[in-house]
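Novice: need a structure here:
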Amino acid sequence: MIFVLSAIAFMYFGRKLGWAVSKNILYVSPVSIVFAVCLFWGAGVACGVHALIALMAPNIVLKIILGFLLGAYIAIPNFGLIAESTIPPENMLKHHLISMLPLWIYIFASIALAWLL
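Specialist: Below you'll find the model as predicted:
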């Protein structure tokens, strides 16, 4: 039960922080800064999920659903923030970078953390 509540709190605050980072940093910064922040975001979410799972030791169903899948949801910092139809065509590349790079980093970092630790 503590794992479920912790995961939901992690999701709520992670989503709010992701939106704030997206609005205040990612969409207004140059691509090099966006790239660095996205790398940090994906790896940070992977470390947070890994620490939560290691600390609470949930069963396999909770680990997959409320651990890894919830982490994938949080790893996309701009998820649900803006409608894609409102983004100008010249900014779509940056939007896709913000949407996909942290998710891929999260996936690779989660696999690496599972094997190494």
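
Novice: only C-alpha atoms from now on, for both contacts and neighbour counts.
Specialist: OK.

Novice: which parts of the helix or strand of the chain with the lowest mean pLDDT are buried?
Specialist: Of the helices and strands making up the chain, the lowest-confidence element is helix 60-62, at a mean of 90, by mean pLDDT, DSSP states H and E. For helix 60-62, the buried set under the neighbour-count rule, 16 or more other Cα atoms under 10 Å, comprises Leu62.

Novice: just the CA atoms of the next helix or strand along the chain from that helix, as CSV, please.
Specialist: Using DSSP states H and E, the helix or strand that directly follows helix 60-62 along the chain is helix 70-75. Extracted in CSV, the C-alpha atoms of helix 70-75 (Å, rounded to 0.1, in the frame of the first residue of the first chain):
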residue,chain,number,x,y,z
LEU,A,70,4.4,5.0,-14.5
GLY,A,71,8.0,6.1,-14.9
ALA,A,72,7.6,6.0,-18.7
TYR,A,73,4.6,8.3,-18.3
ILE,A,74,6.6,10.8,-16.2
ALA,A,75,9.6,10.5,-18.5
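
Novice: now helix 70-75: buried residues?
Specialist: Buried-residue list, helix 70-75, by 16+ other Cα under 10 Å: Leu70, Gly71, Ala72, Ile74, Ala75.
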